[in-house]
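**Student:** Sequence and computational prediction follow.
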Amino acid sequence: MKKLDILVIEDDPAVRKLIRTTLETHGYGCESAEAGETGLMLALSRNPDLVLLDLGLPDMDGLEVLRDLREKSNMPVIVLTARSEVSDKIQALDSGADDYLTKPFSVEELLARIRVIQRRLAVTQTRLPGEEVFVNGSLKIDYMQGMVYLDGEPLHVTPSEYRLLCVLSRNAGRVLTYRYISREIWGNEWESNIASLRVFVTTLRKKLEKSGDSRSYIQTHVGVGYRMLRL
């Protein structure tokens, strides 16, 4: 499996050095930046496979960096931060983060989160013919382009919302448990992810309600999970 090129945006020299040493020791390519503006420039000019982003940056809030990045790219982003409240995690995920790691963290956990992203990228790059497009009523998902369309018009979704749509659409008609969906999106089954999942489903439903279809695309099975209905 190809090793990733990773950009680290972290202002703490000790943490930045630790992450860089860890990544290079395990064969990953690594560049780093200590401020948000420099990190954005490197991300957009070098197009890394993955960004590790600290939220507490000296020149701008990391969430602002994340939102700016999301306007121009869908590259995976793992947020690294000392902010541990569930609301902070939901805000980061809703802004487009692919994962969230609270400081202090172990290098083993960081490497595990990176491997999850790596496996996800590998699956995307090796998708079989015939899996390129999903159509359900007014909804169309172009897996190859990573685009979502509603009533023929592009629909803006965050990376996490897109992954949620992919999980549901590839299992259309099947009831998927909260834990299964959480594992597919974030690579784990943590209880805190279920709260984030409910937020994503709510925001995604609002976006899909723009369609002329009379029925909802996503059905809730209380206490169990969600299912994408075939329209």
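**Tutor:** Received, thanks.

**Student:** Let me see the contact set for the residue nearest to the spatial centre of the chain.
**Tutor:** The centroid of the chain falls nearest to Asp98 when counting by Cα atoms, centre = their mean (2.5 Å). Each residue near Asp98 by Cβ atoms under 8 Å, 6 or more residues apart in numbering is listed here: 76-78, 117, 159-160, 186. For glycine as for every other residue, the C-beta is placed from the backbone atoms N, C-alpha and C.

**Student:** tell me which residues of stretch 33-52 are tucked away?
**Tutor:** By 16 or more other Cβ atoms under 10 Å, the buried positions in stretch 33-52 come out as 33-36, 39-40, 42-43, 48-52.

**Student:** Quote the end-to-end distance of stretch 142-153.
**Tutor:** For stretch 142-153, the first and last residues are 12 Å from each other (Cα to Cα, to the nearest Å).

**Student:** mind listing what's buried in it?
**Tutor:** 143, 148-150.

**Student:** Give me the lowest-pLDDT entry from those.
**Tutor:** Model confidence across the buried residues of stretch 142-153 bottoms out at Tyr143, which has 85.

**Student:** okay, the closest residue to that one other than its chain neighbours: pLDDT?
**Tutor:** In space, and not counting its chain neighbours, Tyr143 is closest to Glu132: 5.6 Å by Cβ to Cβ, 6 or more residues apart in numbering. Per-residue pLDDT puts Glu132 at 82.

**Student:** List the contacts of Glu132.
**Tutor:** With contact taken as Cβ under 8 Å, 6+ apart, Glu132 is in contact with 142-144.

**Student:** can you list the residues you listed in CSV and add distance to Ile19 and secondary structure?
**Tutor:** Output for those, formatted as CSV (distance: Cβ to Cβ, whole Å; DSSP: H, G, I helix; E, B strand; the rest coil):
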residue, distance to Ile19, secondary structure
Asp142, 34, strand
Tyr143, 32, coil
Met144, 32, coil
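
**Student:** From these, pick the one nearest Val222.
**Tutor:** Checking the contacts of Glu132 against Val222 by Cβ to Cβ gives Tyr143 as the nearest, at 29.8 Å.

**Student:** what about the closest one, distance to Asp99?
**Tutor:** 21 Å (Cβ to Cβ, to the nearest Å).

**Student:** Likewise for Asp142?
**Tutor:** Counting by Cβ to Cβ, the gap from Asp142 to Asp99 is 24 Å.

**Student:** Next: Glu10.
**Tutor:** 15 Å.

**Student:** Need phi/psi at Pro58.
**Tutor:** Main-chain torsions, Pro58, degrees, to the nearest 10: phi -70, psi -30.
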